[in-house]
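Colleague: Need coordinates for the following:
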Amino acid sequence: MRATILSLLLLLGGCAGPNLSDYRDEQPRLVPSEFFQGELTARGVVKDRSGAVIRTFDATIDASWDDDGVGTLDEVFQYNDGETDTRVWTLTPEQDGYRATAGDVTESGFMEWQGNAIHMNYVLEVPYGDGTINVRMDDWMYQVTPDTVINETTMSKWGVQVGEVVLVIQKTGSDQGQ
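Modeller: Predicted coordinates for the structure are as follows:
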């Protein structure tokens, strides 16, 4: 019985992800309204559940903030198969973070940050076959230089990982990687 309980605890512990507070002292500090300002570019990959890359993409992000602190991230994705996709995020300030909404986000996310990290969890409607499905997105961003953020997103359905998105976001005009 003890072995069964210990095995279950180890299994559940292995499922735990990082805590945002783990990054509170990391530098450079990632403040959404400062990093996501003006023109940005991104490059990334979409992986299936086995980890195989199934698509690549380039993206542009036009980011702005109004006088009330509401942010708009206007994203345009160009995939290697010729598909173009757009998403316009609205980031509305709330206590300790932002409420994040977009047209294809069926369950809004709450964006919070500490140190060099941002975490957001939301449900995205994605094309599948002749229709769409809702997929949970667990989104982590890490600022690694003043001009560069690495973004890792785990996609899951019914608690099972079905894919992953990994991308690098850079402020336009950055010398990094150009």
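
Colleague: For Asp66, which non-adjacent residue is closest in space?
Modeller: Closest residue in space to Asp66, ignoring its immediate chain neighbours: Thr72 at 7.8 Å, by Cβ to Cβ, 6 or more residues apart in numbering. The C-beta positions use only the backbone N, C-alpha and C, and glycine is treated the same way.

Colleague: Please verify my assumption that Gly38 contacts Ala63.
Modeller: Yes - using Cβ atoms under 8 Å, Gly38 is in contact with Ala63, at 6.3 Å.

Colleague: who's more crowded, these two?
Modeller: Ala63 (20 against 12; other Cβ atoms under 10 Å).

Colleague: Enumerate every residue touching the more buried one.
Modeller: Ala63 makes contact with Phe36, Gln37, Gly38, Glu39, Leu40, Gly71, Thr72, Leu73, Asp74, according to Cβ atoms under 8 Å, 6 or more residues apart in numbering.

Colleague: Contacts only, for Asp25.
Modeller: Per Cβ under 8 Å, 6+ apart, neighbours of Asp25: Gly115.

Colleague: Please tell me which one of the contacts of Ala63 counts the most neighbours.
Modeller: Phe36 (24 neighbours).

Colleague: This completes my enquiry, with thanks.
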